[in-house]
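1. Predicted model and sequence below, questions to follow.
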Amino acid sequence: MIDDPEYDFAMTDSKQEIECPATFFAEKLYTQRHLHGILKEVCKQFGWLELLEKYGNYMRIRVSRQEKTIGQMFGLIDDLKKDFQIDNYSVSQTTLE
C-alpha cells in the first residue's frame, strides 16, 4: 500500500484500487482551470506561448515579444492576479548568455 499524507489517499498495488477524498480532485481541477485561463489570456495578448515547465500550480512560459515591453507583460499578469488568484509571479527578458 502506498500512502501520501499530503493528499490523504491510498493506492493498493494488488487491486489497482485508488481511494481518495473528493477534495483532492476538486483542488486539482480548480488549479488546472486557473492555469488554463492564465495561459489562454497570455496567448490572446502575445499570439503564442511555449509552456517550458509545469508542476503543481507553478508554470514557466515563453512568449514572443511582439513589440511589447516587459512592463506590458507585468501589467497583464497583474490584471490577471485577482481573477486567477495568482500569489507570486516574475517576468524576465531572455538574455544572450
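-> That came through, no problem.

2. quick one: the strands in this protein?
-> For the chain, the strands defined by DSSP state E occupy 2-4, 9-12, 17-19, 49-55, 58-63.

3. Point out where this protein drops to low pLDDT.
-> Regions of the chain meeting the criterion pLDDT under 70 cover residues 1-18, 96-97.

4. Can you give me every residue that contacts the closest residue to residue 68 other than its chain neighbours?
-> Spatial nearest neighbour of residue 68, excluding adjacent residues (Cβ to Cβ, 6 or more residues apart in numbering): residue 46 at 7.0 Å. Yep, even glycine has a C-beta here, placed from its N, CA and C like the rest. For residue 46, the contact set (Cβ atoms under 8 Å, 6 or more residues apart in numbering) comprises 63-64, 66, 68.

5. now do 10 Å
-> Shown in contact with residue 46 (Cβ atoms under 10 Å, 6 or more residues apart in numbering): 61-66, 68, 72-73, 76.

6. Show the contacting residues for the spatially closest residue to residue 53 that is not a sequence neighbour.
-> Of all residues not flanking residue 53 in the chain, residue 60 sits nearest, at 4.2 Å (Cβ to Cβ, 6+ apart). By Cβ under 10 Å, 6+ apart, the contact list for residue 60 reads 50-54, 90.

7. and which of those is nearest residue 30?
-> residue 54 (15.5 Å; Cβ to Cβ).

8. Just give me the neighbour total for that closest one.
-> Residues lying near residue 54 (other Cβ atoms under 10 Å) number 12.

9. Surely it touches residue 61?
-> Yes - checked against Cβ atoms under 10 Å, the pair residue 54 and residue 61 is within contact range at 8.8 Å.
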